[in-house]
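Participant: heads up, no residue letters with this:
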Ligand code: OOG
Ligand code: NI
């Protein structure tokens with residue numbers, strides 16, 4: 001008899017559940033956040049039954065989380081990539097937060113996530129993963145770089161047994177139950193907050209440069225920094241958390257609330273309370289102390305934007321900044337809403353027609369063929385206008401560097417230091433891919449492939465050729 005294998009997605013879903021349980025014990029405010037998120041989602045589904053599942057099933061959204069972790073070296077990054085591969089999570093997108101943040105955030109990042117549609121629908125767990133830019137001289141002097149490297153090289157974040165099980169799961173596309181159990185135990189434990197004493201002097205030396213550097217390089221293990229639930233109405237969530245006495249950061253990051261389509265990603269967060277840790281002080285004594293580096297975050301996801309749509313988004317953000325500088329008394333959200341109304345279409349159909357958003361298409365239930373079949377390629381716009389095809393938005397599955405920087409920043413205690421007289425070390429998707437040992441996918445390529453596949457399926461189902469007059473990419477092979 002063959003034992004039933006746990007598939008990658010089952011491992012991924014189980015891992016997300018275990019992390020969530022562990023993190024809830026470590027940071028009780030997270031449990032409150034999850035409760036309030038579930039309430040908000042339930043209420044939204046009752047009030048708007050037709051909209052609630054527009055960007056993903058309620059089952060998906062309820063289970064949906066993203067995590068954030070931080071590692072110190074290319075070796076650690078490549079190890080964590082092996083663990084995520086076992087869970088069907090692959091690197092997507094490159095984020096350089098060193099430039100995006102005003103305070104000192106010396107990291108470069110990617111996100112590990114499922115990449116195909118079915119896998120995302122099964123469980124979309126993703127982890128924003130940052131690596132300390134140890135060799136960036138703007139943050140670390142050569143002498144400190146040496147000590148930092150030596151410290152990071154002697155620690156082990158992921159035991160050999162865990163890595164071996166991860167490689168096996170990757171090779172065998174899953175694991176038998178007993179091995180899966182062991183793998184999940186070890187994987188979850190590697191992200192647990194350690195009770196090992198923190199070397200006070202070393203930690204504070206790094207903290208003066210950057211709280212993020214201290215969180216990564218000042219301790220001998222790693223931990224989950226935050227776990228983020230997804231809500232269908234982030235403004236409502238914000239209000240309800242404040243009503244419960246939890247102070248949120250000043251503003252929701254990303255696009256404003258407005259009456260048109262929600263695009264990309266809106267996020268907000270709150271400072272976690274002081275956490276008790278054990279310290280080893282300079283005189284050798286061991287005693288209690290507190291650290292405050294973890295926080296709670298929540299997000300609302302919108303429609304993925306095409307590269308032109310994304311350029312427009314970046315311009316709208318820049319325009320918002322410009323107007324805010326001119327009118328510092330107004331709130332960012334008010335200005336952003338005004339800018340949105342001026343430049344973004346009010347309907348999804350128009351977002352699609354202008355080639356700004358990513359959509360998939362499917363034949364309407366009663367469409368078997370079209371009057372124009374057999375007369376050459378039919379324009380996509382005509383098929384949508386005539387109701388032969390229906391469009392469905394593709395959810396944005398990634399992150400926003402500026403929001404990520406804002407989230408990092410709003411949860412830091414001090415500004416830290418960055419010496420801009422030095423040239424920063426350059427990192428890009430290619431160099432980070434080489435460190436990870438796997439290519440980092442471009443998010444736009446993944447959305448675009450999903451869109452093209454849906455158009456091809458429509459062509460097959462209707463027996464016609466479709467002329468893509470929205471994005472212009474040829475769909476026939
Ligand atoms: C990651 C911050 C970025 C997000 O949601 O944009 C992030 C971190 O704090 O390690 O999680
Ligand atoms: Ni986050």
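Facilitator: Everything's here; your move. A quick note: this is a predicted structure, and the numbers were derived from the prediction, not measured. Ligands and ions are numbered 1, 2, ... in the order given.
Participant: distance of the residue lying closest to residue 101 once chain neighbours are set aside from residue 97?
Facilitator: Nearest in space to residue 101, with sequence neighbours left out and distances taken as Cβ to Cβ, 6 or more residues apart in numbering, is residue 405 at 3.8 Å. Yep, even glycine has a C-beta here, placed from its N, CA and C like the rest. As judged by Cβ to Cβ, to the nearest Å, residue 405 and residue 97 stand 5 Å apart.
Participant: Pull up the gap between the residue nearest to residue 101 and residue 109, please.
Facilitator: 10 Å.
Participant: Please give the number of neighbouring residues around the residue nearest to residue 101.
Facilitator: Residues lying near residue 405 (other Cβ atoms under 10 Å) number 21.
Participant: Tell me the confidence at residue 368?
Facilitator: At residue 368, the predicted lDDT confidence score is 60.
Participant: from memory residue 4 sits against residue 178, does it?
Facilitator: No: using Cβ atoms under 8 Å, residue 4 is not in contact with residue 178; the gap is 11.5 Å.
Participant: re the thing from before, hey, what's in contact with both of residue 405 and residue 109?
Facilitator: residue 97 (Cβ atoms under 8 Å, 6 or more residues apart in numbering).
Participant: Return the mean pLDDT over the host helix or strand of residue 312, rounded to an integer.
Facilitator: Using DSSP states H and E, residue 312 maps to helix 307-326. Mean pLDDT, helix 307-326: 95.
Participant: Could you list the residues in contact with that helix?
Facilitator: Residues contacting helix 307-326 (Cβ under 8 Å, 6+ apart): 255, 263-264, 305, 330, 332, 335-336, 338-340, 343-344, 351, 355-357, 402, 444.
Participant: Tell me the confidence at residue 14?
Facilitator: pLDDT, residue 14: 97.
Participant: ugh, wrong one, I meant residue 473
Facilitator: pLDDT, residue 473: 53.
Participant: do the same with residue 188
Facilitator: Listed pLDDT for residue 188 reads 98.
Participant: Okay, and the nearest residue to it once chain neighbours are set aside sits in which element?
Facilitator: Among residues not flanking residue 188 along the chain, residue 18 sits closest, at 4.5 Å (Cβ to Cβ, 6+ apart). Element membership for residue 18 (DSSP H and E) is helix 8-26.
Participant: helices or strands up against that helix?
Facilitator: helix 28-47, strand 65-71, helix 117-122, helix 177-189, strand 226-229 (3 or more Cβ pairs under 8 Å, 6 or more residues apart in numbering; DSSP states H and E).
Participant: Contacts for the longest one next, please.
Facilitator: Right, helix 28-47. By Cβ under 8 Å, 6+ apart, the list of residues contacting helix 28-47 reads 20, 23-24, 51-52, 58, 61-62, 226-227, 229-233, 236-237, 240-241, 244, 246, 270, 272-273, 296, 298.
Participant: In the stretch 51-200 of the chain, which residue sits nearest ligand 2?
Facilitator: Closest approach between the stretch 51-200 of the chain and ligand 2, counting by Cβ to the ion: residue 68, at 4.7 Å.
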